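# Curious how this folds, go ahead:
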Amino acid sequence: MASNPTTVHVTGISDKTSEKEVRDFFSFCGKISNLSTTTEQGGKQSAAVTFEKPTAAKVSNSYLPTPMNEKMLITAYRLPFSLTTPN
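Okay, the predicted model is just below:
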């Protein structure tokens, strides 16, 4: 299954962070077409954020990892593609 170049996967989100806060945090990168959150073991959340355009996913990478507020600290972040050019 090929990865989607418009979806970013984020983990380490505080359990006190609402889905709306996650959406608001990422919306400055571009229009979000889908967002889903999941509660992981230990109470932290993960999220899959799907943007309408791959460029928005790339923009979001420049802001992470970072604290969104006192309730959300992103500890891991994975793009579905490499931002570096292979040698």
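# what's around Phe25, how many residues?
Per other Cβ atoms under 10 Å, the neighbour tally for Phe25 reads 22. C-beta here means a position set from N, CA and C on the backbone, and glycine is covered the same way.
# Tell me which helix or strand comes right after the helix or strand containing it.
Per DSSP states H and E: Phe25 is located in helix 19-27. Moving toward the C-terminus from helix 19-27, the next helix or strand (DSSP H and E) is strand 32-39.
# picking up where we left off before, can you pull the buried residues of the helix holding Phe25?
Glu21, Val22, Phe25, Phe26 (16 or more other Cβ atoms under 10 Å).
# Could you do stretch 30-46 as well?
So stretch 30-46, judged by 16+ other Cβ under 10 Å, has buried residues Gly30, Ile32, Leu35, Thr37, Lys44, Gln45, Ser46.
# And the first one, its phi and psi?
It stands for Gly30. Backbone geometry at Gly30, expressed as degrees, to the nearest 10, gives phi 160, psi 180.
# Which pair of the buried residues of stretch 30-46 spans the longest distance?
Using Cβ to Cβ, the buried residues of stretch 30-46 reach their maximum pairwise distance at Gly30 and Lys44, which is 25.1 Å.
# Verify the stated contact: Asn61 with Val8.
Yes - between Asn61 and Val8 a contact is recorded at 7.4 Å, counting by Cβ atoms under 8 Å.
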